[in-house]
Structures are given as C-alpha cells and as structure tokens.
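Visitor: quick one, what's the 3D model for this:
(one chain, ligands or ions: 2)
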Amino acid sequence: MAIPTPHIACSDPSLIAKTVLMPGDPLRAKFIADTYLTDVICFTSTRNILGFTGKYNGKRISVMGSGMGMPSIGIYSYELYNFYGVENIIRIGSAGSYDESLRIFDTVLVSSAVSESNYAKVAFGYRSHQMKPSKALNTKLTKAAAKLGIPLTEAAIHSSDVFYGENKDHWKEMRTKYNCMAVEMESFALFANAKALGKKAACLLTISDSFVAPEITTAEERQTSFHNMMKIALELASN
Ligand SMILES: O=P(O)(O)O[C@H]1O[C@H](CO)[C@@H](O)[C@H]1O
Ligand SMILES: O=c1cc[nH]c(=O)[nH]1
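Guide: Ligands and ions are numbered 1, 2, ... in the order given. Predicted coordinates for the structure are as follows:
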C-alpha cells in the first residue's frame, strides 16, 4: 500500500511529525492544536478524523484523533507508524476508575493494558492478553509530569471492547484478577501495533467517571483536568 493511505488523506509524510498525540475525540485534537500549537496545518480530515501539525516550544508535533475502540486506533496508528514514518504515539484519553484511590480528574500513566480483545492475536499472532507501553516514553512522561508538578499515578488498565454491557460485574473481575485500576478502549491495540512495527507508544488517561464512587464533573472541570495530561504529553514532545 502506498500513501495516501485509505484513512489518512495526506500525500506528504513530511507534514506529519515523528511524535503524534492521539486523543479519541478528533475535536480534542483540534482543541489541542488551537490552544497549544503555533504554525498549525491540518494534514487530514478524512472521515472527520482531524490531524494537525504545529509547533510547541519551537518543536514540531502532530495531534490526531483515533476514534473510539481498538479497530479504529488500530487502523490509524498502523497507518501513521507504517506509512508515514511516525515513531512515537502518545494516546491521551479519558477513563473510568475501578478503584477508590483513583478519583475524578486524576492523571494516569498506563503501565500495561489488559484486554479480552483478540486484536493482537489476529493481527500479529500475539497470544498475551497484556500489552506494554514503551519504557523509554513512560520514563520521559514521568519526568515531564514531575517537572510540571502534576501528580501522576502509574497503573495497569483494562482496554475494553465494550462500553455498554449487561454484565454489570465484569469490571470487578478485571479489578481483582488483573489489578486493573481503570478502563478505556484503545491502549491494547496501540501497544500491539507499536510492538509489531518496532515503534514506541504510551498512554496518559484522565479519570472522567467512576465505577466505585458517585462522582460528577462539570464540563468546565473536565476540560481543565484534561489540560494536565495534554501538558505532560506536550512537554515530552518538546524535549
Ligand atoms: O476519551 P477517549 O480518548 O475517546 O477515550 C475513552 O472515551 C471513549 C468512550 O467514551 C473511548 O474511546 C474510551 O477509550
Ligand atoms: O472507556 C471508558 C472511558 C471512560 N469511562 C468509561 O467508563 N469507559
């Protein structure tokens, strides 16, 4: 396959930086570009999955939506790594807490992603149900958070294929059996792609809701708390 790929309509790989921040929501990608980057260009809008490249502290960085779920981030991250020369993808997402120690607004650095998904097995023959991020990126993200004075909790998380399900207790099994502290829906596939292609991936999450506490956030509070993970990822990219 050649560029432009079917899902990223960009004919010039040089328009995409080596490091890409990936929120699920394409409008969060636009928000980051509008709020933090200068000299911004839009390199793709295929299917309204927006991708931008700009400068942060003088360094080039890209930010692009992944869509929701493993098939979606599986496609976009594969194309970025394999056809556009991207080296690092840092997912910046929202997550539901499985543990009382993780509160709304907290920022989580994913240490491993556990999943029932067959993505890694079908795509690459990996039988493990646990995929790991890049140690090098995690070390850099930890240092970036410390420099910014933002508390970071390193934790294993559940990458789920299901947002609405009838088994209301499944999360408890993931909490007790695999020590998963929170749930999101993409990291496992992203980490599998990075492993297969010899690239680097990491994931920062902001807790947006809780399975164990009736915590409610306003839209404004949520946006402010999301800034913390954006700043940590941008700090890494600018160094
Ligand atoms: O906020 P994002 O990055 O989309 O992440 C989380 O939010 C979506 C579900 O609401 C899923 O994509 C999940 O992983
Ligand atoms: O995947 C997700 C993300 C946020 N909250 C959840 O409950 N699930």
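Visitor: when you work out contacts or count neighbours from here on, use the C-alpha atoms and nothing else.
Guide: Will do.
Visitor: give me the most central residue, this structure.
Guide: In the chain, the C-alpha nearest the mean C-alpha coordinate belongs to residue 91, at 1.6 Å (CA atoms, centre = their mean).
Visitor: spit out the contact partners of it.
Guide: Residue 91 makes contact with 21, 22, 23, 24, 187, 201, 202, 203, 204, 205, according to CA atoms under 8 Å, 6 or more residues apart in numbering.
Visitor: name the member of these with the most neighbours.
Guide: Within the contacts of residue 91, most neighbours by other CA atoms under 10 Å means residue 187, with 34 neighbours.
Visitor: contacts only, for that one.
Guide: 70, 91, 113, 159, 202, 203.
Visitor: of those, which belong to strands?
Guide: Among those, the subset assigned to strands under DSSP state E consists of 91, 113, 159, 202, 203.
Visitor: the third one: what's it in contact with?
Guide: Taking CA under 8 Å, 6+ apart as the definition of contact, the neighbours of residue 159 are 113, 114, 115, 116, 183, 184, 185, 186, 187, 188.
Visitor: pLDDT at it, what is it?
Guide: As predicted, residue 159 sits at a pLDDT of 98.
Visitor: is it in a bridge, and if so with what?
Guide: Beta-bridge pairing for residue 159 (DSSP bridges): residue 184.
Visitor: which stretches in this protein count as strands?
Guide: Counting by DSSP E, the strands of the chain are 19-22, 38-44, 51-56, 59-64, 88-97, 107-114, 130-131, 153-159, 182-184, 200-210.
Visitor: tell me what angle the longest helix anywhere in the chain forms with strand 51-56.
Guide: Criterion DSSP state H: the longest helix present in the chain is helix 219-237. Helix 219-237 and strand 51-56 are oriented at 70 degrees to each other (axes from the mean of the first three to the mean of the last three CA atoms, to 10 degrees).
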